[in-house]
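# no letters, just coordinates:
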């Protein structure tokens, strides 16, 4: 999988009698290995764009291409398979299945993909160690802090070695320290595993990590700039 | 196509089931009580109907009867048949036939010195009769007949009362011989019997078959041959053999055709059991559906997450149905165990003599013996499992149709 190409995306929502424009003819290209932040106030369209890229939502018009696949033309089942096999997701909250342990949550996606139990156990332990959660494999989400939960979600997202991770407000429920740890982990994964990150956020501290910052407002891209990564001091 | 292995679906379903212990336990209690009620009450009803049917079959008597083809329309002496030949006897001596007997049964008039009544005179062979029809234990005064040529007669207690006679007194029996001549004979009352239905005591009088044949000049002929097996429900398995051995010139009927009322009772009972189970299940199903809807409602975001990660809707559906299946299975296991544990100590019978008169009117005894039948247990479990799963499909299907984004954003 290589770059992400969005062409002339339009998405509207009906709220009562009112039609709200989520995406207003948005076109962007994100290169492989990019570290992109989508920023903007609530309702600016950043989550809608993220969902369109992730195949969680279908645009009214326009094209979304990931690598060589036009995902706006895929069926629901094909989209599910694409999300399972090619993408990693980190959401703001409710990232984990509460009845599964940290290791089982990480293994979940691999289980659906049919990876053998031995391979799953080996990979999940190794990834949990990489995200700094060694020794916490058997804990359930309720026994983990918010930051630890997000790291489990990251571990689950990267365990299948996806080319692209989509994160929607990943630090919204985290304190400064946990946010910095999570973003450092993203940077490390971006650098070492060459995973492309697209992060929707309105947190200025998170935006500093971006190599490319796309600002949105009212469903439109209002600025698109390359920048130097400036990690937070933890 | 990717799917979660069944083991993982089981683990997810099992753990989700115990997320809300209290709700699960309440639902388990409801299924347990429902299953128990289905099995226990069915065993009681089945026991009562079994008793009614066995009494009815004993009064017929026999699970299979052989008659002259005209006998049932005109039960006169002219419609008699020859005694069982060797071929028929050899078939009737084979299992599952447990006993058989031959009888003479003709309309007659019984007279004491004070009263006369119309009765059915039954000539029996005491040696074989007690295994098929008349129960010697029913003779409450005097004795049972000694042999086929016994010169005494046994009458019902109610008949003795009507005739204003008693044990040891003589009565006269009058009937017609094959030439339509009056045949009469004096008998000494050697026994007085009590029947479950008082009306039967006025209907039948019993004498030795040899004595009756001699009185009516029947020359060894009989009115009926009654045969009984080890289970009245399985009569269809062996009665065709009897029919074949008896020959085409005789009418051979299983009990449910010989007495269509008895026959219909079994079908009605089976239908009633099913209706009873479905009614109990319907009461239970409201709780089940509510539990699953709540379980799904509480997990909307989680379901959204699973869908977002690439889990197919069919897997979500399977997971919710697995939860329902586990809930039903545990409830059924406990309910079945409870039902068996409560029925086993009652195998010696439940004394319902407080309502015995009413029960006897229905042809049942004053002791109720619960009949735990494997088929009823299977039916109860099948009804709960199959209908339970069908009922669970709606909440499961709704959960599987969630849009991942909407579900993730649900408050």
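It's in. Computed from a prediction, not measured in an experiment: that's the story for all the values here.
# low-scoring stretches of chain A, by residue?
A:1-2, A:94, A:232-234 (pLDDT under 70).
# need the residue closest to the centroid of it.
residue A:166 (1.8 Å; CA atoms, centre = their mean).
# chain A: helices as residue ranges?
A:46-53, A:76-86, A:102-113, A:117-130, A:146-159, A:176-192, A:204-207 (DSSP state H).
# nearest to residue B:385, out of those helices?
Taking CB to CB, helix A:102-113 is the member of the helices of chain A nearest to residue B:385, at 27.3 Å. Any C-beta I mention is one placed from the backbone N, CA and C, and that applies to glycine too.
# contacts for the closest one, please.
The contact list for helix A:102-113 (CB atoms under 8 Å, 6 or more residues apart in numbering or on different chains) reads A:84-85, A:96-97, A:100, A:119-121, A:123-125, A:127-128, A:133, A:136-141, A:144, A:148, A:152-153, A:155-156, A:159-160, B:2-5, B:8, B:309-311, B:315.
# filter the residues you listed to the buried ones?
A:84, A:96-97, A:100, A:120-121, A:123-125, A:127-128, A:133, A:136-137, A:139-141, A:144, A:148, A:152-153, A:155-156, A:159-160, B:2-4, B:8, B:309-311, B:315 (16 or more other CB atoms under 10 Å in any protein chain shown).
# can you name the residue of chain A nearest chain B?
With CB to the nearest CB, the shortest gap between chain A and chain B falls at residue A:84, namely 2.6 Å.
# surely that residue touches residue B:309?
Yes. The pair residue A:84 / residue B:309 is scored as a contact, 6.7 Å apart, by CB atoms under 8 Å.
# about what we covered before: need the contact list for the residue nearest to the centre of chain A.
A:50, A:53-54, A:87-90, A:198-199.
# again with residue B:70
residue B:79.
# dihedrals phi and psi, residue B:99?
When read as degrees, to the nearest 10, the backbone of residue B:99 gives phi -160, psi 160.
# ok, now residue B:258?
phi -60, psi -30.
# and for the nearest residue to it once chain neighbours are set aside, the neighbour number?
Nearest-residue entry for residue B:258: residue B:65, 5.1 Å, with adjacent residues in sequence omitted and distances by CB to CB, 6 or more residues apart in numbering or on different chains. Neighbour count for residue B:65, taken as other CB atoms under 10 Å in any protein chain shown: 25.
# so what does the strand or helix carrying residue B:65 touch, helix or strand wise?
Per DSSP states H and E, residue B:65 falls inside strand B:64-67. Other elements packing on strand B:64-67 under the criterion 3 or more CB pairs under 8 Å, 6 or more residues apart in numbering or on different chains; DSSP states H and E are strand B:224-229, helix B:239-246, strand B:251-254, helix B:255-258.
# so for residue B:169, which of these sits nearest?
Across the helices and strands packed on strand B:64-67, closest to residue B:169 is strand B:224-229 (CB to CB), at 29.3 Å.
# work out the gap between that closest one and the centre of the chain.
19 Å (CA atoms, centre = their mean, to the nearest Å).
# that one to helix B:239-246, inter-axis angle?
150 degrees (axes from the mean of the first three to the mean of the last three CA atoms, to 10 degrees).
# name the residues that touch strand B:224-229?
By CB under 8 Å, 6+ apart, the list of residues contacting strand B:224-229 reads B:57, B:60-67, B:71, B:81, B:84, B:88, B:92, B:96-103, B:105, B:131-133, B:235, B:238, B:242, B:246.
# ok, stretch B:330-350 next?
Outside stretch B:330-350, the residues within contact range by CB under 8 Å, 6+ apart are B:27-28, B:30-36, B:38-40, B:43-44, B:367-370, B:372, B:377, B:381, B:384-385.
# next, count neighbours for residue B:142.
So residue B:142, with other CB under 10 Å, has 17 neighbours.
# how about residue A:203?
Residue A:203 - counted by other CB under 10 Å - has 17 other residues nearby.
# near chain B, which residues of chain A are found?
Contact residues, chain A versus chain B (CB under 8 Å from any CB of the partner chain): A:51, A:54, A:56-57, A:77, A:80-85, A:89, A:91, A:94-100, A:108-109, A:111-114, A:156.
# ok, the residue of the stretch 101-250 of chain B found nearest chain A - contacts?
Using CB to the nearest CB, the single residue of the stretch 101-250 of chain B nearest to chain A is residue B:233, 48.2 Å away. Neighbour list for residue B:233: residue B:266 [criterion: CB under 8 Å, 6+ apart].
# repeat that for residue A:172.
A:92-93, A:201, A:203.
# need the buried ones from these selected in ChimeraX.
In ChimeraX, this line selects whichever of these come out buried by 16+ other CB under 10 Å:
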select /A:92,93,201,203
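# between the contacts of residue A:172, which is nearest residue B:164?
Out of the contacts of residue A:172, the member with the shortest distance to residue B:164 (by CB to CB) is residue A:93, at 95.7 Å.
# and the gap between the nearest residue to the closest one once chain neighbours are set aside and residue A:179?
Closest residue to residue A:93 apart from its sequence neighbours, by CB to CB, 6+ apart: residue A:173 at 5.6 Å. Distance, residue A:173 to residue A:179, using CB to CB, to the nearest Å: 10 Å.
# who's more crowded, those two?
residue A:179 (24 against 15).
# ok, back up a step: quick one: distance of the helix or strand that the strand holding residue B:65 is followed by to the chain centre.
Later in the chain than strand B:64-67, the nearest helix or strand by DSSP H and E is helix B:86-92. Here the centre of helix B:86-92 is set off from its chain's centre by 29 Å, with CA atoms, centre = their mean.
# next one: stretch B:112-130
Here stretch B:112-130 is found 29 Å from its chain centre; the criterion is CA atoms, centre = their mean.
# the bottom helix or strand of chain B by mean pLDDT?
In chain B, no helix or strand scores lower on mean pLDDT, DSSP states H and E than helix B:356-361, which sits at a mean of 62.
# name the helices or strands packed onto whichever helix or strand comes after that helix?
Remark: after helix B:356-361, the chain's next helix or strand is strand B:367-368, criterion DSSP H and E. Under the contact definition 3+ CB pairs under 8 Å, 6+ apart, strand B:367-368 sits against helix B:21-59, strand B:350-351.
# list the contacts of strand B:367-368.
Contacts of strand B:367-368 (CB under 8 Å, 6+ apart): B:44, B:47-48, B:51, B:349-353, B:359.
# try 6 Å
Contact with strand B:367-368 is made by B:47-48, B:349-350, B:352, as judged by CB atoms under 6 Å, 6 or more residues apart in numbering or on different chains.
# which of the contacts of stretch B:330-350 are buried?
If you count burial by 16+ other CB under 10 Å, the buried members of the contacts of stretch B:330-350 come out as B:27-28, B:30-36, B:38-40, B:43-44, B:368-370, B:372, B:377, B:381, B:384.
# residue in the stretch 201-350 of chain B nearest to chain A?
residue B:310 (2.6 Å).
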